[in-house]
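Engineer: Please work out how this folds:
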Amino acid sequence: MKNSQKGFSIVEVIFYLLIVIFIFFAAFSYYQGNIVRMRDEKRKEDLNILKEKLEQYFSKNNIYPISDSWICLEKSQILKEISAENIQDPLFSQDSQNYCYRYKSAKEGKEFKIYAISERDGKIIEVFSKEGKNIFSSLPNLDPWYNPNWHARKRILISSKNLSTEIKDFPYFLEISDKDLINEKEDKILFFDPENNKKIEREIIKFDKDKGNLLAFLKIPNLFPQKDKKIYLYFDNDKISEKNSKETYDNNYLAIFHFDEIGLPINSLSNNIYAICEKDSIEKVDGKIGKAANFDGENSLKILGLDKLKMDKGFTFQAWIFPKGEKIVETIETTTPSEINTSTQEESEEENLSQTSSSTKVISISKIVGTDNKEFIEKPILTWQDIKGNFLELSLSFFVTSSTSIQNNTSTQESIEGKFRLRITNKEITFPQKIKLNEWSFIALTISDNEVYFFVQGEGYKEAISFEKKDLGTQNYYFLVGKNVRGDVQEAQENNYFTGFMDEIFISKIPRDESWLNFTFENQNSPQDFVKKIEDKEIY
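Structural biologist: This next block holds a predicted model:
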């Protein structure tokens, strides 16, 4: 008789074996996870105990145990000072630094922080004193501290919006207002680039310690489109002093005038290029950035030391300008003659007496005058003749494009427009861009050997030019801001000064490209829009 019972097939055995293995690993993982959670809970309990012990220590000594750097409490004498208990991380080992309770004090023992690393997610578990939360945690994934002599820092995220291509060594304008900078000293402020691991050269234009307001130019090593830049502002330092750096601007800049100093304008660069005024000095007024120079129709700047700069080798002039003036209306009476013939029956038919009469018409003409009460026509911004005899003059005129009149019960709205004209070599160019009266506008003029590029408020215009090959050599060199020198021409004498304000005059020996100029305009026009985030203060 045959046995009807059958055993498990190999497939069935493997199937059930896999189920057993899965259950085993699930149970083991649950057990391990539970053990990890228990150790993390133990860490939280230990840290709370240590905090309590430290507060007791502070109540007796009015200070927390001093440690200027991060230490493992388990290996330090401090643990014995604050507690008789043997408190340590569940995985602490004398041979390992991975798991221990790390401690640091700050502000001369007035603050502290202790932290441990969670096994479950790698995050920080921490306890701290009242302001100890801001103590810098020295972790591999965090940017290291530049120098312990600086006791505080803030991370700032700056935007590169509207940037179309990478730019290097850009003079980034930063404007911030921060309560943590109140009562700070200007020479204790330092900027740092963690990406390049180097100090950022800076020039502080204005710092108000009572309000914590800071205006500064920073030399950012590189900026990329669509990528925000992280920098650090360090402060609170009682040992080292920082100064404005002449290296804030790249080597292609020749002169930079901010007009924030008292007296004559000072070039921010360490070279022999400087400005003198036609008068003894030039008045300073509130500007686009800090202070600005007031061109009152009788004063101008002469830039000395640019004698080696040649127009056909490349050049950029940029500035913020505020053309100042007002509209006036002049009335002019015009007389139109008319002839009237009269005759009587008594007079001979061949004789005619001619009587002349006239009609008078009043015409109103609107025009713009500067603060010098002269018409705002071709007022000079820049006049330059290089040592080769190449000449240019950039001027600005304002026009009222329509006048108010009443016809058929309708009125025509007036419009005031400012237009620029460039005379260069044997060419005259009227640029299409327009600006407004009594408002700040950013302008930039770049010259290369075959092209002129004019940039106004985000709008550029190019036109081809050519220079004579010969070197005239005997011509007088001059570089004038706010004045022209066409003195023998009567119309030039009547209007050879600019009226209004100028600020942030930058002169380069190369033609800056469109991306550079547009980012300069956007950044200086709305600097606060470029600061995306200022994080809470960290202390060391």
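
Engineer: For the rest of this, base every contact and every neighbour count on C-alpha atoms.
Structural biologist: Fine.

Engineer: what comes into contact with stretch 422-442?
Structural biologist: Applying Cα atoms under 8 Å, 6 or more residues apart in numbering, the contact partners of stretch 422-442 are 288, 318-325, 390-395, 398, 416-421, 454-457, 459, 461, 465, 467, 521.

Engineer: change it to 7 Å
Structural biologist: Applying Cα atoms under 7 Å, 6 or more residues apart in numbering, the contact partners of stretch 422-442 are 319-325, 390-395, 417-421, 456-457, 467, 521.

Engineer: Can you give me the buried ones in it?
Structural biologist: For stretch 422-442, a neighbour-count test (16 or more other Cα atoms under 10 Å) marks Leu422, Ile424, Thr425, Phe431, Gln433, Lys434, Ile435, Lys436, Leu437, Trp440, Ser441, Phe442 as buried.

Engineer: Beta-bridge partners for the last one, please?
Structural biologist: The residues paired with Phe442 through beta bridges, assigned by DSSP bridges, are Trp320.

Engineer: what domains does the record give for the protein?
Structural biologist: With domains defined by automatic domain parsing, the chain comprises 26-134, 152-250+529-539, 253-329+364-509.

Engineer: looking at the ones you listed, which is closest to Glu12?
Structural biologist: Nearest to Glu12, of all the domains of the chain, is domain 26-134, at 21.1 Å by Cα to Cα.

Engineer: For the residue lying closest to Arg202 once chain neighbours are set aside, list the residues it contacts.
Structural biologist: Spatial nearest neighbour of Arg202, excluding adjacent residues (Cα to Cα, 6 or more residues apart in numbering): Leu218 at 4.5 Å. Residues in contact with Leu218 (Cα under 7 Å, 6+ apart) are Pro171, Tyr172, Phe173, Ile200, Glu201, Arg202, Glu203, Thr248.

Engineer: which residues sit in contact with the closest residue in space to Ser508 that isn't next to it in sequence?
Structural biologist: Nearest non-adjacent residue to Ser508, counting by Cα to Cα, 6+ apart: Tyr253, 4.3 Å away. If you count contacts by Cα under 7 Å, 6+ apart, Tyr253 has them with Ile507, Ser508, Lys509.

Engineer: before we move on, back to that, of the contacts of stretch 422-442, select the buried ones using a PyMOL command.
Structural biologist: Listed next is the PyMOL selection for buried residues among those, using 16+ other Cα under 10 Å:
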select buried, resi 319+320+321+322+323+324+325+390+391+392+393+394+395+417+418+419+420+421+456+457+521
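
Engineer: Run a quick check on Ile321 versus Glu504, I expect a contact.
Structural biologist: No. Checked against Cα atoms under 7 Å, the pair Ile321 and Glu504 is beyond contact range at 9.0 Å.

Engineer: shared neighbours of the two, which are they?
Structural biologist: Counting by Cα under 7 Å, 6+ apart, nothing touches both Ile321 and Glu504.

Engineer: re the thing from before, turn the domains of the chain into TSV, columns for mean pLDDT and distance to Glu12.
Structural biologist: What follows is the domains of the chain, written out as TSV (pLDDT from 0 to 100; distance: least, Cα to Cα, whole Å):
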stretch	mean pLDDT	distance to Glu12
domain 26-134	89	21
domain 152-250+529-539	95	58
domain 253-329+364-509	89	76
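
Engineer: can you tell me the helix or strand for Ile21?
Structural biologist: helix 10-61 (DSSP states H and E).
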